[in-house]
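S.K.: Would you be able to build a 3D model of this:
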Amino acid sequence: LAFCRARVVRVPKGPLIRVVGTEVVIPCSVSDYDGPSEQNFDWEFSRKTDFVRIVSTWDSTFTSEEYQKRVGHGDIKLRRSSNDAVELVIRNIQPTDQGRYKCSTPSTDATVQGNYDAEVQVKVISDGLSVSGSKARSSMSLKLSEGDSIKLRCSAITTSPEHTHLHLTWQIKSGSTWRDILSLTHEGKFQPGPGYEERYRNGDIRLDTGANDTYQLSVSQASSADGGAYRCLVSEWVRGADSSWQKIQEKSVEIASVAIQRTDVVISTSNVSVTERDSLDLTCNITTDRSGVFQAEVMWYFSASPDDTLSDAQVLLSMDRDSVVSDSTLISLSHVDRNSYRLLVRDVDVEDSGYYFCQAAVWVPLHNGSWHKVVERTSAPVSVVVTALEPDYEVFLNASKTPKFSDDPTELNCVITNAQDAEANIRFTVSWYYRKRLRSDDVVTEELLATMDADWTLLLGDRSRERTQNGEIIFYKKAVDTFSLRIQWTSESDRGDYFCVISAWSRHRNNSWVKSKDVTSASVSIFWATQDYMLTVEAVKLKPFFVAGHTFEMTCKVSSKNIKTPRYSVLITAEKPLTDQSNPNGTTRIISLNQDSVVRLEDWTDQTRVDGVVLEKVQENEFRYRMYQTQISDAGLYRCVVTAWSPGGGGMWREAVNGLSNPIQIDFQTSGPVFNVSVHSDNPTIYQGELADLLCIVTTEGMALEPDDMSFDVSWFAVRSFALDREPVLLASLDRRGIVTQSRRNGSSDLSLERISPLEFRLRVHGCEDHDFGNHYCVVTPWVRSATGVWQREPDIKAKPIFLSVKMDVLNAFKYPLLIGIGLATVIGLLSCLIGYCSSRWCCKKEVQETRRERRRLMSMEMD
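M.R.: From the prediction side, this is the model:
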């Protein structure tokens, strides 16, 4: 393809048929060339044989003397459309311009390849197209009413010697531009213009052909948009040598100017304001210049919003074209004159407030006696406001009961006074509001306590809903003109301003109630002076000196101020030393007594001394705590935590204030032995399946004790990590009575815990597995028997952990699998040899008898 590439100059395929006096445009282009992208062109003309130079893109002296005047005046010019294409433009072509036109391109190629010029024949024919309007309505002005029909005629004929087709288009002038209405193309097809497709499909716009080459445009149901100037645009088309259609000329003529009189529907009055029980009078006027016979169809609508559509609006009344009105009791529709229709609404109500509009349709009779709707319009909505007849009354709020202290009752009365025009159709309801009082100037919005609707149904607010349902707040109607609010037990959160709102409701025609007026009372302040609650708690130790095993006793004395009839609840707490492992937080809740004198053990976990602590009420403000058979582990600071309660609403108790007593210390001065614990193992690194021995060894220092006077609780723990960063897991425990308790295990290994001497305890792990590794330690709780025979518990002692490592024995792990594999391989090999030998010996043996061949003479290789 690269070797076949050559310059190609192209012009349209001729002959080109053009009409005298029109403008001719002949394009010329070049492709597949070398050199610069912008190419130059030369145009020449020949009537017979010799070519005359017309114009060039690069040489201004190229034009011959015959064409210099026309080129200078611009009647002949070149118009460049791209770097490789130009157009020869000849304005007002004449018969002398008929002939051959040649387009040439100067060579810019390295080698001469292809064609450098091309010719086209131009044929000039006479103008045979004639376009004119109808004689009766040529250039006339028509005035029509909206909904009428428009009929315009146009005549178009051609006497061209060539076989040409006509393209006719009806246009309307909107502003300064012409828009297509309907066309009959040169191919015989009807084509509606933009925006007229739907009307063309409905048959409202037609184009008919008649005798004497006339074309009639018919427009039915004319609207205001159809007003304007109409013209007939005709173009002449001819089929070229390449079978494509070419437009050779175009003519137009203005037919008529049409003015459409719009039909409007308006309501005579604008915004209307009427009083309740009066009558509403509205008139719908139809504006039209029709002088013939017509009938109107009117329909009145009502809507609550001016933006509602007809489908959303409510139909009030309608009158058809025969003046038949739909039935209604309080609404009437009458025909005042030819173009006016009156709507009368009697005894209006507040619900009649809204927007009213009417819709009118104009009907005209046809020749066959039927009626045809020519136009339909809807008026703009008119706002109607119905003013309610408001009753005149005043509202007064007073407090019949005010609280002096917290939990006292409060009662407010909202009274209606000076009520006038309060007829049977008026009903009163109340709404109660609360506003919190602040010392600063901050604005506080009111909170709704309760409100009543028109049916006297009580609707509770968020602030009072729960208390009203519990009976703490009561809303009721004391008399016909009095509404009351009662708070059974007033709290400090109820202090503030209260006010009520009395609403008047009016009954409408449909027996519904509509609020007509609200009157707000002056606020009433509910407030009483309060002082801060004060509570003092003093703890006293009754026995200043005692030893372990004796009874510890202390009392808590309580005094309070500014609390109405208080009751007290007491909690005894102990702050143990930080070395105590049983409670790392330091504070233990021992026993409590509530305001109803009910005793409860809190965190007391010593099962051997369940009855060892007692808390009792000595007097109304004095409480006594006893702890029997004290032990060394009971050392610490003891306090009384007291809570004062005051009676609340409904027999409930309300917490007032808390108090904490001074600490009472229990400290045992003893010169007993000191215990130490350590963990030892002869072999901390073992293999899987072996036995692990761990010893917990207790040593004593100081005063020597007999073995019968010592006893120990031993617990073994494990942390399954190299570092002590996980929670310890209890393995097993041995109490001082010799009872062993094991935790649940998931593996196949087993545990045993035993005492091998008075001060040594051994933990064994049988059949160790890999999950038995980790840091192991023991926790020992010593028990020492005092001289009085009472066992005293010493603080817990934790040993330093030892790490137990479990390894895998590779040789033992693979010994049996290797032996089994070698044995199976040997057996399978011997069996395979035996099967092969038997098969070759007895099963696959064949006797082959060879035929003896005589070799008396030589044979050729082919035969062999």
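S.K.: Low-confidence ranges, the stretch 101-250 of the chain, go.
M.R.: Applying pLDDT under 70 to the stretch 101-250 of the chain flags the ranges 134-139.
S.K.: how about the strands in it?
M.R.: Ranges of strands in the stretch 101-250 of the chain, per DSSP state E, counting those that start in this stretch, are 117-125, 129-133, 140-145, 150-158, 164-174, 177-184, 190-192, 205-210, 214-219, 228-239, 245-261.
S.K.: Output the last one as CSV, restricted to C-alpha atoms.
M.R.: As requested, the backbone C-alpha atoms of strand 245-261 are provided in CSV (Å, rounded to 0.1, in the frame of the first residue of the first chain):
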residue,chain,number,x,y,z
TRP,A,245,-30.2,15.1,-4.0
GLN,A,246,-28.9,18.7,-4.5
LYS,A,247,-30.8,21.9,-3.8
ILE,A,248,-30.4,24.2,-6.7
GLN,A,249,-32.6,27.2,-5.6
GLU,A,250,-35.0,28.4,-3.0
LYS,A,251,-37.9,31.0,-2.9
SER,A,252,-40.4,32.1,-0.3
VAL,A,253,-43.5,34.3,-0.2
GLU,A,254,-45.4,35.7,2.9
ILE,A,255,-49.0,34.5,2.9
ALA,A,256,-50.7,36.2,5.9
SER,A,257,-50.3,37.7,9.3
VAL,A,258,-52.6,36.0,11.9
ALA,A,259,-53.6,37.5,15.3
ILE,A,260,-55.2,35.1,17.9
GLN,A,261,-57.5,36.7,20.5
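S.K.: ok, and for it, which residues are buried?
M.R.: 246, 248, 249, 250, 253, 255, 256, 258, 260, 261 (16 or more other C-beta atoms under 10 Å). No exception for glycine: its C-beta is placed from N, CA and C like everyone else's.
S.K.: follow-up on the earlier one: now the strands of the stretch 101-250 of the chain as a markdown table including distance to residue 526?
M.R.: Below are the strands of the stretch 101-250 of the chain laid out as a markdown table (distance: least, C-beta to C-beta, whole Å):
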| stretch | distance to residue 526 |
| --- | --- |
| strand 117-125 | 109 |
| strand 129-133 | 95 |
| strand 140-145 | 77 |
| strand 150-158 | 83 |
| strand 164-174 | 76 |
| strand 177-184 | 79 |
| strand 190-192 | 81 |
| strand 205-210 | 81 |
| strand 214-219 | 81 |
| strand 228-239 | 79 |
| strand 245-261 | 75 |
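S.K.: which of the buried residues of strand 245-261 lies closest to residue 592?
M.R.: Taking C-beta to C-beta as the measure, residue 592 lies nearest residue 260 of these, at 97.8 Å.
S.K.: Tell me how far that closest one lies from residue 228.
M.R.: 9 Å (C-beta to C-beta, to the nearest Å).
S.K.: next one: residue 390
M.R.: 57 Å.
S.K.: Compare those two (neighbour count), which wins?
M.R.: For residue 390 versus residue 228, the count of surrounding residues by other C-beta atoms under 10 Å is larger for residue 228: 17 against 13.
S.K.: For the more buried one, give the beta-bridge partners.
M.R.: Residues in a beta bridge with residue 228, per DSSP bridges, are residue 258.
S.K.: so where is the stretch 251-400 of the chain shaky, pLDDT-wise?
M.R.: Within the stretch 251-400 of the chain, the segments meeting pLDDT under 70 span 265, 267, 291-292, 366-368.
S.K.: Show me the strands in it, by range?
M.R.: Along the stretch 251-400 of the chain, the stretches classed as strands by DSSP E, counting those that start in this stretch are 264-267, 272-275, 280-287, 295-303, 314-319, 331-337, 340-345, 354-365, 371-378, 382-387, 392-401.
S.K.: I'd like the ones you listed written out as a markdown table, with mean neighbour count and distance to residue 70 added.
M.R.: Shown next, in a markdown table, are the strands of the stretch 251-400 of the chain (neighbours: other C-beta atoms under 10 Å; distance: least, C-beta to C-beta, whole Å):
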| stretch | mean neighbour count | distance to residue 70 |
| --- | --- | --- |
| strand 264-267 | 19 | 60 |
| strand 272-275 | 13 | 77 |
| strand 280-287 | 19 | 61 |
| strand 295-303 | 20 | 68 |
| strand 314-319 | 16 | 75 |
| strand 331-337 | 14 | 73 |
| strand 340-345 | 19 | 72 |
| strand 354-365 | 21 | 62 |
| strand 371-378 | 17 | 58 |
| strand 382-387 | 16 | 72 |
| strand 392-401 | 15 | 100 |
